[in-house]
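*Asks:* quick one, fold the following:
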Amino acid sequence: MNNQTTTLDSFDQSKRLNILATIAAAEKFPASDNGPINLHLHTFFSYNANGWSPAHLAYECRRQGLYAAAICDFDVLDGLEEFFAAGRLLGLRTAAHLETRAYFPEYAQVDISSPGEPGVTYIMGGAFPRLPAAATPAGIELQALKQRARERNTALVNRINAALPDIAVDYDSAVSPLTPADGATERHIITAYRNKIENLFPAQETRAKYLAELLNLTAPQAEAVLNNIPALEEALRSRLAKRGGPGYEQPSPDTFPVVDKFVAWVRDCQAIPLVTWLDGTSEGESNPDALLDCLAAKGCAGLNIIPDRNWNIKDPEQADVKRAHLAAMVNAAAKRAMPVNIGTEMNKDGLPFHDDINGPVLKEWRALFMEGAQVMIGHTLLARYAGFGYLDEAAGTEYPSLEDRNRFFAAVGALPPLNQSTANMLEDSGPEKALDWFHDKIKGTQ
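*Replies:* As a prediction, the model looks like this:
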């Protein structure tokens, strides 16, 4: 990594965008019309395994020839405008999502997508076209999402500190500074505890001894994990924050927002509520049709999956089971004409930068995944510049068939990436003329 790309991760946004503009003017990027996609990338505004900013992610996506990309942070939209600006600079199709966990009353007695936590589901808002104004109900709820996440984090730290006072950390001084906008996650908390352990035990021998006791490891196991930061942090996370650890607390209906409220908020932001599916192995996910129908009735209109965790499995028997679950879920979404959003998250070391949608497992659904990406991009553009969102009444009137609506929004998403001058023109044109412009552009490609 050179000095320029390192600067892309500065906590100073002006530095990030200035250096990106310099890179964009000087670097030649590969063609991307037939490139791969990743519509689920966490940035350093929540947790990215490499500590990458939205600008850095956009650069890497363009450098690797991605056709389209979307960021997806936990409980915040802090990277939205930066990612869009970076896309306009680089010639990259972009979207911005938000992920959280919510309480799902109808599934209160079973595990869903958060293992060991009955009634708790991951859920997303897809393709936010803009940040909601701060003083509006939508803007106030966005801030509340962030504040509730901070309260959960500080409570977690307080519980760990009480149980392990020798490695206690101060949230404001040790955790919050690890992100640029106080959007820390559980993974940042674990990093703070790892940092504290390293400071308390600078000698490797004494640190290994402490870790062996804390993590219930043999001396050789502690030595092996000592200099493998990702493995060490996973072990610390399992020991400190997960079920059975001193920081864990079973969620209650008051811990997270109710699904219905979150879905209503997403739609109020003119975004697309997305069902978020893990791997089909839980009781709550065992019936894809029932799960999708229940959440669709609440207003969800798309599906997010992380294919890599469902097919890239070493154990042959487990791989067959998970691939069957994947096929059942994808086909259930396709049957309902639900756009499917895919990506690899990049919030853990070793994850692929994008899915192999041309490979032997995923190629069956390549067209479906590409359409899903294009719908997210098309909705972003149409809602942002033309006031014409995928779930708006106007779109439902003009395209009552979901298949036709998907085709239209995908056609917009398939247009060449927006540059700054075109974006300025669309802003100046107003919604009606902007919508005409998109219609004319689609006709010109047919």
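*Asks:* could you say which helix or strand holds the nearest residue to L89 once chain neighbours are set aside?
*Replies:* Excluding the flanking residues, the one nearest L89 by CB to CB, 6 or more residues apart in numbering is A24, at 4.6 Å. Using the backbone N, CA and C atoms, a C-beta is placed for each residue, glycine as well. Assigned by DSSP states H and E, A24 belongs to helix 13-26.
*Asks:* list the buried ones in that helix?
*Replies:* Using 16 or more other CB atoms under 10 Å as the test for burial, helix 13-26 gives 13, 16-17, 19-20, 23-24.
*Asks:* nearest to P230 among the residues you listed?
*Replies:* Comparing the buried residues of helix 13-26 against P230 with CB to CB places R16 closest, at 24.7 Å.
*Asks:* for the closest one, which non-adjacent residue is spatially closest?
*Replies:* A55 (4.3 Å).
*Asks:* one more: L291?
*Replies:* E285 (6.3 Å).
*Asks:* quick one: the strands in this structure, in order.
*Replies:* With DSSP state E, the ranges of strands along the chain come out as 37-41, 68-74, 93-103, 120-126, 272-276, 302-305, 340-342.
*Asks:* now render the ones you listed as JSON lines, adding mean neighbour count, distance to M370 and mean pLDDT.
*Replies:* What follows is the strands of the chain, written out as JSON lines (neighbours: other CB atoms under 10 Å; distance: least, CB to CB, whole Å; pLDDT from 0 to 100):
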{"stretch": "strand 37-41", "mean neighbour count": "27", "distance to M370": "7", "mean pLDDT": "98"}
{"stretch": "strand 68-74", "mean neighbour count": "28", "distance to M370": "9", "mean pLDDT": "98"}
{"stretch": "strand 93-103", "mean neighbour count": "25", "distance to M370": "11", "mean pLDDT": "97"}
{"stretch": "strand 120-126", "mean neighbour count": "25", "distance to M370": "16", "mean pLDDT": "97"}
{"stretch": "strand 272-276", "mean neighbour count": "29", "distance to M370": "17", "mean pLDDT": "98"}
{"stretch": "strand 302-305", "mean neighbour count": "26", "distance to M370": "14", "mean pLDDT": "98"}
{"stretch": "strand 340-342", "mean neighbour count": "27", "distance to M370": "10", "mean pLDDT": "98"}
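*Asks:* how about these in JSON lines, adding distance to L200?
*Replies:* Below are the strands of the chain laid out as JSON lines (distance: least, CB to CB, whole Å):
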{"stretch": "strand 37-41", "distance to L200": "34"}
{"stretch": "strand 68-74", "distance to L200": "29"}
{"stretch": "strand 93-103", "distance to L200": "32"}
{"stretch": "strand 120-126", "distance to L200": "34"}
{"stretch": "strand 272-276", "distance to L200": "38"}
{"stretch": "strand 302-305", "distance to L200": "40"}
{"stretch": "strand 340-342", "distance to L200": "42"}
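*Asks:* pull the contacting residues for the spatially closest residue to K15 that is not a sequence neighbour.
*Replies:* For K15, ignoring the flanking residues on the chain, the nearest one in space by CB to CB, 6+ apart is T7 at 5.9 Å. The contact partners of T7, by CB atoms under 8 Å, 6 or more residues apart in numbering, come to 15-16, 19.
*Asks:* thinking again about what came up before, can you pull the contacts of the residue nearest to R16?
*Replies:* 8, 16-17, 19-20, 82-83, 86.
*Asks:* and it, how far is that from V330?
*Replies:* Applying CB to CB, to the nearest Å, the value for A55 to V330 is 32 Å.
*Asks:* buried set for stretch 149-159?
*Replies:* Of the residues in stretch 149-159, 149-150, 152-154, 156-157, 159 count as buried by neighbour count, 16+ other CB under 10 Å.
*Asks:* what does it rub up against?
*Replies:* Defining contact as CB under 8 Å, 6+ apart, one finds that stretch 149-159 is touched by 74-75, 100, 169, 171, 175, 182-186, 189, 241, 246-249, 255.
*Asks:* now do the same contact list for the residue lying closest to L418 once chain neighbours are set aside.
*Replies:* Nearest non-adjacent residue to L418, counting by CB to CB, 6+ apart: R88, 5.8 Å away. When contacts are counted by CB under 8 Å, 6+ apart, R88 is found next to 417-420, 423.
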